[in-house]
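Student: this one's sequence-less:
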Ligand SMILES: Nc1nc2c(ncn2[C@@H]2O[C@H](COP(=O)(O)OP(=O)(O)OP(=O)(O)O)[C@@H](O)[C@H]2O)c(=O)[nH]1
């Protein structure tokens, strides 16, 4: 393929990737990372276009190569900024502005302004540093919940960093052959590598975006909108998995269920809106009284479920009592009133012949029922004999 055809293909390809990134941003304008990546796509396209135009017309030196190089570095900078936004919710505009200013000014330096080789040898390391920072960020956050979406962008960045080193090697090996445009191996390889990088990084950021959406939707489908705790659907998923794991590892598996006492009275007296706020309040106090890695579910209405694995039953009783006390000690305060709240709790652990988690939950519910019968605002552990007495 001759260089002109290759250049035209590169321009067409970058136009398509820019259009894809801009379209993705338009479908979700709140996604700031995608905004940065869309800008990067447009900048890559503009650079490639300026190379194509300069094959037909002699552009002013300030436009090509000076501004063209600045745009190319800025494009890599916006990829980096999008990654920083995605992982840390910050932008990297100051870094981009500083590097672009440096690239702009450096091209006026005596040797650099006259020589393509010098220009490349100053710009390529900066580009490599930007891509290295992007890669470092993805690597640092690889174990986060969104980390699985990073591998494609990580591969594209790694390969391009390796190529940049090769490019620098070629620039040093053939300095006399380097024309800004010309039918030589450096130019051809560079256009091919740029196109491949464009494809790789575009697929990479689209994959990050898609994985983010997938994770958000999955979390939404598992979350109860009012309390922010997991919902019934998630209970089914996590309890099935944990029960099987605990049975296999011969470790403890237990539920603590709790229900708000006289909650109907709260709704009847203050209305459902205040009732909803009271529910949120209870969820927040109970969550603070337990550990981050315990499982918290809203089972429905005003009933909540805590799930524990690997914790001794006596320790679970201590946690249940802590939850009860914390809720009792934190009445719900409205602008006009202070509403005292309490909960009744039931505790039950897995027994050796249990076939599934449903029976454990049923026992915890029975124990909770006993706590209600026994005066409320208390925690009861499941006890077969006492249950018979309650039922009799
Ligand atoms: N505001 C609000 N109320 C709810 C929600 N879900 C269930 N409830 C209310 O919770 C109340 C439950 O009442 P009951 O089952 O009679 O129990 P209780 O009044 O708490 O009495 P005990 O449990 O026996 O102490 C009902 O008034 C339901 O309408 C909700 O999402 N928001």
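Tutor: Yes, it's here. Treat the numbers as computed from the prediction; the structure is a model and nothing was measured. Numbers count the residues shown, from 1 in each chain.
Student: for the residue in the stretch 251-392 of the chain positioned nearest to the ligand, the count of nearby residues, please.
Tutor: Residue of the stretch 251-392 of the chain nearest the ligand, by Cβ to the nearest ligand atom: residue 275 (2.7 Å). From N, CA and C alone the C-beta is placed, and that goes for glycine too. Using other Cβ atoms under 10 Å, the number of residues around residue 275 comes to 20.
Student: doesn't residue 264 make contact with it?
Tutor: No. Between residue 275 and residue 264 there is no contact under Cβ atoms under 8 Å: 9.0 Å.
Student: tell me which residues touch the residue nearest the centre of the chain, please.
Tutor: Note on the chain: the residue nearest the mean C-alpha position is residue 146, at 3.9 Å, using Cα atoms, centre = their mean. Contact partners of residue 146, counting by Cβ atoms under 8 Å, 6 or more residues apart in numbering, are 86-87, 208, 211-212, 215.
Student: swap in 10 Å and give it another go.
Tutor: 86-87, 208, 211-212, 214-216 (Cβ atoms under 10 Å, 6 or more residues apart in numbering).
Student: farthest pair in the residues you listed?
Tutor: 87 and 214 (17.1 Å; Cβ to Cβ).
Student: and the two? which has more neighbours close in?
Tutor: Using other Cβ under 10 Å as the criterion, residue 87 and residue 214 rank with residue 87 on top: 20 against 13.
Student: confirm that that one sits in a strand.
Tutor: No. The assignment for residue 87, made by DSSP: H, G, I helix; E, B strand; the rest coil, is helix rather than a strand.
Student: what sits against it?
Tutor: Per Cβ under 10 Å, 6+ apart, neighbours of residue 87: 33, 134, 137-138, 140-142, 144, 146-147, 150, 208.
Student: can you add secondary structure and pLDDT and give these back as a markdown table?
Tutor: Below are the contacts of residue 87 laid out as a markdown table (DSSP: H, G, I helix; E, B strand; the rest coil; pLDDT from 0 to 100):
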| residue | secondary structure | pLDDT |
| --- | --- | --- |
| 33 | helix | 95 |
| 134 | helix | 97 |
| 137 | helix | 95 |
| 138 | helix | 96 |
| 140 | helix | 95 |
| 141 | coil | 95 |
| 142 | coil | 94 |
| 144 | coil | 90 |
| 146 | coil | 91 |
| 147 | helix | 92 |
| 150 | helix | 96 |
| 208 | helix | 96 |
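Student: of those residues, buried ones?
Tutor: The neighbour-count test (16 or more other Cβ atoms under 10 Å) applied to the contacts of residue 87 identifies 33, 134, 137-138, 141, 146-147, 150, 208 as buried.
Student: which parts of stretch 276-296 are buried?
Tutor: 277-279, 281-283, 285-287, 289-290, 294-296.
Student: for it, what is the average pLDDT?
Tutor: For stretch 276-296, mean pLDDT rounds to 95.
Student: quick check: end-to-end length of stretch 25-35?
Tutor: Length of stretch 25-35, first residue to last, Cα to Cα, to the nearest Å: 6 Å.
Student: rewinding a little: list residues touching both of residue 275 and residue 264?
Tutor: What both residue 275 and residue 264 touch, as defined by Cβ under 10 Å, 6+ apart, is the set residue 302.
Student: and the residue of the stretch 51-200 of the chain that's closest to the ligand?
Tutor: Closest point on the stretch 51-200 of the chain to the ligand, by Cβ to the nearest ligand atom, is residue 145, at 27.5 Å.
Student: surely residue 95 is in contact with residue 137?
Tutor: No. Residue 95 is beyond contact range of residue 137, at 11.8 Å (criterion: Cβ atoms under 10 Å).
Student: joint contacts of those two?
Tutor: 80, 84.
Student: rewinding a little: against residue 343, how distant is the residue of the stretch 251-392 of the chain closest to the ligand?
Tutor: Residue 275 is 15 Å from residue 343, where distance means Cβ to Cβ, to the nearest Å.
Student: just residue 373 next, same as before
Tutor: Residue 373 is 15 Å from residue 343, by Cβ to Cβ.
Student: neighbour-wise, which of these two wins?
Tutor: More neighbours surround residue 343 than the other of residue 373 and residue 343, with 28 against 11 (other Cβ under 10 Å).
Student: which ones are touching that one?
Tutor: 257-261, 263, 282, 285-286, 302-304, 320, 323-324, 326-328, 368, 371, 376-379 are the contacts of residue 343 under Cβ under 10 Å, 6+ apart.
Student: quick check: beta-bridge partners of it?
Tutor: According to DSSP bridges, the partner residues bridging residue 343 are residue 260.
Student: what's the closest non-adjacent residue to the residue of the stretch 51-200 of the chain closest to the ligand?
Tutor: Distances taken as Cβ to Cβ, 6 or more residues apart in numbering place residue 215 nearest to residue 145, at 5.9 Å, with adjacent residues excluded.
Student: show me what from the protein comes close to the ligand.
Tutor: Residues of the chain that fall close to the ligand, judged by Cβ under 6 Å from any ligand atom: 226, 259-264, 267, 272, 275-276, 279, 301-302, 372, 376.
Student: of those, which is the nearest to residue 310?
Tutor: residue 259 (25.6 Å).
Student: wait, that closest one sits on residue 286?
Tutor: No. Residue 259 is beyond contact range of residue 286, at 11.9 Å (criterion: Cβ under 10 Å).
Student: what do these two both touch?
Tutor: Counting by Cβ under 10 Å, 6+ apart, the residues touching both residue 259 and residue 286 are 304, 343, 345.
Student: where does the stretch 51-200 of the chain dip in pLDDT?
Tutor: 175-184 (pLDDT under 70).
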